[in-house]
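> predicted coordinates and the sequence they were generated for:
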Amino acid sequence: MVIDTLPVFLQRIAALLAGALLVTAFAPLGWWIFAFISPAVLVFLWLDAAPRQAALNGYFFGLGLFGLGVSWVYNSIHEFGHAPALFAAALTLLFVLTISCYPALAGWLQAPRQRLNRRLGVRLLLVMPAAWTLGEWLRGWLLTGFPWLQLGYSQIDTLFAWPAPVTGVLGVSWLVMLLVGAGYVVWLGRFRARSVAVLVAAAVVLVCLQSARIDWTRAQGQPLDVALIQGNIAQEDKWQPDWLIPTVERYIDLTKQNLTADLVVWPEVALPGEYALFKETVLEPLRSFLISRHTDLVFGVLRRSDRGMHNALVKLGEDTETYYKRHLVPFGEFIPLRREAAWLGDMVELPAADLTPGWQANTLTVKGFQAGGSICYEDAYGAEVAEMLPKANLLINVSNDAWFGDSFAPHQHLEIARMRALETGRPLLRTTNTGITATIDYRGRIRKRAPQFEVHVLRDTIQPRAGATPYVHWRNRFIVALMLILLALGLALSRAPKKAPPRHSGRTPETSAK
């Protein structure tokens, strides 16, 4: 094949560019077709590559994907963490170098060994898709995980996303890689293998089309009138003493103007300080207004418990309930290996680096319904969101994407939230400080969205739902088990068959000659 004569440095450049091109498949561009084209380039580079070369090609693909796709990490560290530019660049580079190991692992897993033959059909339909999907799962789990830019998110607006209520986003990633592999089998395989690949591709399309017709959940009760308040407090102003009163007044005034709503939602840590600081002077008077108008308020704030300080989501109304964030951001909300990393605090401003994780996936009672809350990038962890179901009738995510400025991150984050709504069959209310605030229906479609970097109140009516999708019941266990089975099966089928001993006819050369 051509790949045999392609110089190694050109292979690395091709992998790097293909990884960078994959970023266009995700929001904000959403050119989903590149979710097939870019991996197809990588698979081409893997076809005849030995394990080491396949791993390196996968690694350079990861460098392109994450080097461009999560470049906003630099914005957070430098522009808002006020770290020196060189130091911020070094931390971002270290992060990208680390997470690029997962595509490298997938490349190493799928590569043929001496004891394996080159049965491309088996590798392309069984081994490669399973290896890629397991790599994405591992990246979303190991060392607290970073499940950003999983391939399946790029398909949220296509028919290939519809199996997500069964398989989750990882299953969508697998389907994409399976179709890429099937395309190569049609191109390179023999007639029998091509027939199998065509049947596989047709089956994927039919399953996706059928999945679109299934409603796994059902409407429950009356719709809720909601008001999502986007305060648009600049990150550089948020914790300044001069901005404390203007911030509080902005949220209070906008809430009082929207007390006709059943539910008002403020973003993550909307009040810049501890809950106790605002309880008597701000929240109790506001609570009286809420009760008189039969309105519930859900808002983000720092709140202390007997276990420590938490990033919290509080429901205020006739009663008060609290959800404590369970999945904290490393180096943003807590510092792993604090003693060894103490020097980091001298380089980067970490406004809330000593938070304590929550311990319970509890829901909040909102107008007689149960709301499953998540704070910031907690909604990137589908299995954790699903822990609140089927009890939760709707989902609420509050965030402060001002940390990422005018980058890819707020758009990518909204895409992730849409997948959570589709996986769980629940409407999702997403309220952020500077955007993108949005309402999302139970099929992952955006109903309404607010403009970025503007003070805005998003009004909408959403329908709570009951029931459970298959994904809610088995979460990632099903797809991970399936991938392990397919990987093991593919490797077993790829083993080179033992050479059969020569068959003897029972005649000697002498008798044969007679």
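Nice, thanks for sending it over. This is a predicted model, so every value here is computed, not measured. Numbering: from 1, shown residues only.
> other residues contacting the helix or strand that contains residue 56?
Residue 56 belongs to helix 51-69 when elements are defined using DSSP states H and E. The contact list for helix 51-69 (Cβ atoms under 8 Å, 6 or more residues apart in numbering) reads 8, 11-13, 15-23, 26, 42, 45-46, 49, 95-97, 99-108, 110-111, 113, 148-149, 408, 412. Every C-beta, even on glycine, is put in place using the N, C-alpha and C of the backbone.
> let's see it at 6 Å
Contact with helix 51-69 is made by 11-12, 15-16, 18-20, 22-23, 42, 45-46, 96, 99-100, 103-104, 106-108, 111, 149, as judged by Cβ atoms under 6 Å, 6 or more residues apart in numbering.
> mean confidence score for the helix or strand that that helix is followed by?
Scanning forward in sequence from helix 51-69 by DSSP H and E, the next helix or strand is helix 72-75. Across helix 72-75, the average pLDDT comes to 85.
> check which helices and strands the helix or strand following helix 72-75 sits against.
Later in the chain than helix 72-75, the nearest helix or strand by DSSP H and E is helix 85-99. If contacts are counted by 3 or more Cβ pairs under 6 Å, 6 or more residues apart in numbering; DSSP states H and E, helix 85-99 sits against helix 51-69, helix 72-75.
> may I have helix 85-99 as CSV, with CA atoms only?
Taking Å, rounded to 0.1, in the frame of the first residue of the first chain, the C-alpha atoms of helix 85-99 are listed here in CSV:
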residue,chain,number,x,y,z
ALA,A,85,2.3,33.4,29.7
LEU,A,86,5.2,31.0,29.5
PHE,A,87,4.1,29.1,32.6
ALA,A,88,0.5,28.9,31.4
ALA,A,89,1.7,27.6,28.0
ALA,A,90,3.9,25.0,29.7
LEU,A,91,1.0,23.7,31.8
THR,A,92,-1.3,23.6,28.8
LEU,A,93,1.3,21.7,26.8
LEU,A,94,1.9,19.2,29.6
PHE,A,95,-1.9,18.6,29.8
VAL,A,96,-2.1,18.1,26.0
LEU,A,97,0.9,15.8,26.0
THR,A,98,-0.7,13.7,28.8
ILE,A,99,-4.2,13.2,27.3
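> what about it, average pLDDT?
90.
> nearest to residue 423 among the helices and strands packed on helix 85-99 would be which one?
The closest of the helices and strands packed on helix 85-99 to residue 423 is helix 51-69. By Cβ to Cβ, the value is 21.5 Å.
> any regions of the stretch 201-350 of the chain where pLDDT drops low?
For the stretch 201-350 of the chain, the stretches with pLDDT under 70 are 335-350.
> would you map the strands across it?
Under the criterion DSSP state E, counting those that start in this stretch, the stretch 201-350 of the chain carries strands at the ranges 218-219, 224-230, 263-265, 296-305, 308-316, 320-324.
> flag the shaky bits of the stretch 1-150 of the chain, pLDDT-wise.
Within the stretch 1-150 of the chain, the set of residues satisfying pLDDT under 70 comprises 1-5, 80-82, 114-118.
> kindly recompute the last result at 50.
For the stretch 1-150 of the chain, applying pLDDT under 50 flags the ranges 115.
> and residue 387, how many neighbours?
Residues near residue 387, counting by other Cβ atoms under 10 Å, number 16.
> now do the SS call for the nearest residue to it once chain neighbours are set aside.
Distances taken as Cβ to Cβ, 6 or more residues apart in numbering place residue 361 nearest to residue 387, at 4.1 Å, with adjacent residues excluded. Of the three states, residue 361 takes coil under DSSP: H, G, I helix; E, B strand; the rest coil.
> separation between residue 361 and residue 216?
Distance, residue 361 to residue 216, using Cβ to Cβ, to the nearest Å: 20 Å.
> TSV for the helices and strands packed on helix 85-99, including distance to residue 89 and mean neighbour count?
What follows is the helices and strands packed on helix 85-99, written out as TSV (distance: least, Cβ to Cβ, whole Å; neighbours: other Cβ atoms under 10 Å):
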stretch	distance to residue 89	mean neighbour count
helix 51-69	11	23
helix 72-75	6	20
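> in this protein, where's the longest helix?
helix 164-188 (DSSP state H).
> off-centre distance for it?
Its chain's average C-alpha position is 18 Å from that of helix 164-188, according to Cα atoms, centre = their mean, to the nearest Å.
> from residue 131, how far out is the spatially most central residue of the chain?
Among the residues of the chain, the one closest to the centroid is residue 380, at 4.0 Å (Cα atoms, centre = their mean). Distance, residue 380 to residue 131, using Cβ to Cβ: 22 Å.
> domain map for this structure?
Following automatic domain parsing, the chain resolves into domains at 2-215+473-493, 218-468.
> circling back: for the longest helix of the chain, buried residues please.
Buried residues in helix 164-188, counted by 16 or more other Cβ atoms under 10 Å: 164-186.
> cool, stretch 297-312 as well?
297-303, 309-312.
> so which of these comes closest to residue 127?
Closest to residue 127, out of all of the buried residues of stretch 297-312 and judged by Cβ to Cβ, is residue 311, at 41.3 Å.
> what sits against the closest residue to that closest one other than its chain neighbours?
Nearest residue to residue 311 in three dimensions, chain neighbours excluded: residue 325, at 4.1 Å (Cβ to Cβ, 6+ apart). Contacts for residue 325 (Cβ under 6 Å, 6+ apart) come out as 311, 358, 375.
> and those, which is closest to residue 263?
Ranked by distance to residue 263 (Cβ to Cβ), those are led by residue 375 at 17.0 Å.
> who does the closest one form a beta bridge with?
Going by DSSP bridges, residue 375 is paired in beta bridges with residue 398.
> buried stuff in stretch 403-420?
Buried-residue list, stretch 403-420, by 16+ other Cβ under 10 Å: 403-405, 407-420.
> just to revisit the earlier point, correct me if wrong: the residue nearest to the centre of the chain contacts residue 416.
Yes. Contact criterion Cβ atoms under 6 Å: residue 380 and residue 416 qualify, at 5.2 Å.
> before we move on, back to that, now the helix holding residue 56 against helix 85-99, angle please.
For helix 51-69 against helix 85-99, the angle by axes from the mean of the first three to the mean of the last three Cα atoms, to 10 degrees is 140 degrees.
> so what's the residue count around the closest residue to residue 318 other than its chain neighbours?
In this structure, residue 318 finds its nearest non-sequential neighbour in residue 291, 5.7 Å apart by Cβ to Cβ, 6+ apart. Residues contacting residue 291 under the criterion other Cβ under 10 Å number 14.
> among the strands of the stretch 201-350 of the chain, which comes closest to residue 139?
Of all those, it is strand 308-316 that lies closest to residue 139, at 23.6 Å by Cβ to Cβ.
> contacting residues around the closest one?
Here strand 308-316 makes contact (Cβ under 6 Å, 6+ apart) with 287, 297-301, 303, 321-325, 355-356, 364, 373, 375.
> with stretch 256-271 instead?
224-229, 251, 255, 278, 293, 295-301, 366-367, 375-376, 398-400, 429, 431-433, 457.
> buried set for that stretch?
258, 261-271.
> which strand residues bridge the closest residue to residue 447 other than its chain neighbours?
Nearest residue to residue 447 in three dimensions, chain neighbours excluded: residue 439, at 4.4 Å (Cβ to Cβ, 6+ apart). Note on residue 439: beta-bridge partners by DSSP bridges are residue 429, residue 448.
> what's around residue 439, how many residues?
Neighbour tally, residue 439, other Cβ under 10 Å: 23.
> settle this for me: it is touching residue 449, isn't it.
No. Applying Cβ under 6 Å, one finds residue 439 not in contact with residue 449, separated by 7.8 Å.
> which strands and helices sit next to the longest helix of the chain?
helix 34-46, helix 128-139, helix 191-211, helix 409-424, helix 470-474, helix 477-493.
> and the shortest one, average pLDDT?
Right, helix 470-474. Mean predicted confidence for helix 470-474 is 96.
> likewise the fourth one?
Per-residue pLDDT values over helix 409-424 give a mean of 97.
> run the chain-centre distance for that helix.
The answer for helix 409-424 is 7 Å, by Cα atoms, centre = their mean.
> ok, the fifth one next?
Taking the mean of its C-alpha atoms, helix 470-474 sits 17 Å from the chain's own mean (Cα atoms, centre = their mean).
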